[in-house]
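Peer 1: got a predicted model here, sequence first, then my questions.
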Amino acid sequence: KAGVTQTPRYLIKTRGQQVTLSCSPISGHRSVSWYQQTPGQGLQFLFEYFSETQRNKGNFPGRFSGRQFSNSRSEMNVSTLELGDSALYLCASTSGTRGNTDTQYFGPGTRLTVL
Amino acid sequence: AQSVTQPDIHITVSEGASLELRCNYSYGATPYLFWYVQSPGQGLQLLLKYFSGDTLVQGIKGFEAEFKRSQSSFNLRKPSVHWSDAAEYFCAVGASGGSYIPTFGRGTSLIVHP
């Protein structure tokens, strides 16, 4: 089956702009999580969506938001971009059951550069 | 608040040697524990996880990890390393129960010598 897809793969924006990233989970998966990876802060959890509802949120400012659609596809939005938002943004999908058999699959990421 | 420490920034092993990557966590209750691997060609991949049950967890690519509550550790092991195992390895801890927010360690870079 098809893996997790993220679009776009690369993005260059300037400070103050906003950006929307998209993630399509594996078919049948209902949970999508987003992560930010930077050299300085490492991997950090942004939020998780399950069945169109935000189930958990990490410690990020309100400029970072997301949503999930009825087909489980998810988008995240960052408004008023700052230089520090330059990062690799990863999304992952799972069935959402959090059981021992629930496996998490990651997309290739979107590399965002803010100039 | 939960936290994860990976004491080793870099680990160098010879191909065919055994491997143990250390992970210590801080969390008040029984945690969810994870190991991930990230390599340029494969992206980020979940190796294994512990939610409950048997404290020795088997993962993909021949890896295993053991949850030791008394030591607050979740070390990753592999009996014989292959050159393709060279990558960055991340340990993560998540709160059990309703609020599931994983915290990641800073990673251990594994270098494999032929």
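Peer 2: Received the coordinates, thanks.

Peer 1: so what's the residue count around residue 57?
Peer 2: In the absence of a named chain, this looks at chain A. 17 (other C-beta atoms under 10 Å in any protein chain shown). Placement of C-beta: from N, CA and C, glycine included.

Peer 1: that's the other chain; I wanted chain B
Peer 2: Residue B:57 has 22 neighbours, counted by other C-beta under 10 Å.

Peer 1: which strand residues bridge residue B:94?
Peer 2: residue B:32 (DSSP bridges).

Peer 1: got the contact list for it?
Peer 2: Going by C-beta atoms under 8 Å, 6 or more residues apart in numbering or on different chains, residue B:94 touches B:2, B:31, B:32, B:33, B:34, B:100, B:101, B:102, B:103.

Peer 1: residues touching the closest residue to residue B:106 other than its chain neighbours, list them.
Peer 2: Sequence neighbours aside, residue A:42 is the residue nearest to residue B:106 in space, at 5.3 Å (criterion: C-beta to C-beta, 6 or more residues apart in numbering or on different chains). Counting by C-beta under 8 Å, 6+ apart, residue A:42 touches B:104, B:105, B:106, B:107.

Peer 1: and the residue positioned nearest the centre of chain B, what does it touch?
Peer 2: Among the residues of chain B, the one closest to the centroid is residue B:35, at 3.4 Å (C-alpha atoms, centre = their mean). Residue B:35 is in contact with B:21, B:23, B:46-49, B:59, B:63, B:65, B:74, B:76, B:89-92, counting by C-beta under 8 Å, 6+ apart.

Peer 1: distance check, it against residue B:84.
Peer 2: Using C-beta to C-beta, to the nearest Å, residue B:35 is found at 17 Å from residue B:84.

Peer 1: still on that earlier bit, tell me the buried residues in the strand or helix carrying the residue nearest to the centre of chain B?
Peer 2: For residue B:35, the host element (DSSP states H and E) is strand B:32-39. If you call a residue buried by 16 or more other C-beta atoms under 10 Å in any protein chain shown, then strand B:32-39 has these buried ones: B:32, B:33, B:34, B:35, B:36, B:37, B:38.

Peer 1: who does the residue nearest to residue B:106 bridge with?
Peer 2: Where residue A:42 sits in a bridge, its partners, by DSSP bridges, are residue A:38.

Peer 1: mind checking pLDDT for the closest residue to residue B:73 other than its chain neighbours?
Peer 2: Distances taken as C-beta to C-beta, 6+ apart place residue B:24 nearest to residue B:73, at 5.3 Å, with adjacent residues excluded. If you check residue B:24, the pLDDT there is 97.

Peer 1: can you check residue A:90 too?
Peer 2: pLDDT for residue A:90: 97.

Peer 1: so who does it touch?
Peer 2: Applying C-beta under 8 Å, 6+ apart to residue A:90 gives the contacts A:6, A:34, A:35, A:36, A:37, A:43, A:106, A:107, A:109, B:43, B:44.

Peer 1: surely it is within a helix?
Peer 2: No: Residue A:90: not assigned to a helix; according to DSSP: H, G, I helix; E, B strand; the rest coil it is strand.

Peer 1: how far away is it from residue B:92?
Peer 2: Residue A:90 sits 13 Å away from residue B:92, taking C-beta to C-beta as the criterion.

Peer 1: and what of residue A:88?
Peer 2: In this view, residue A:88 and residue B:92 are 16 Å apart by C-beta to C-beta.

Peer 1: please identify which of those two sits among more neighbours.
Peer 2: residue B:92 (23 against 18).
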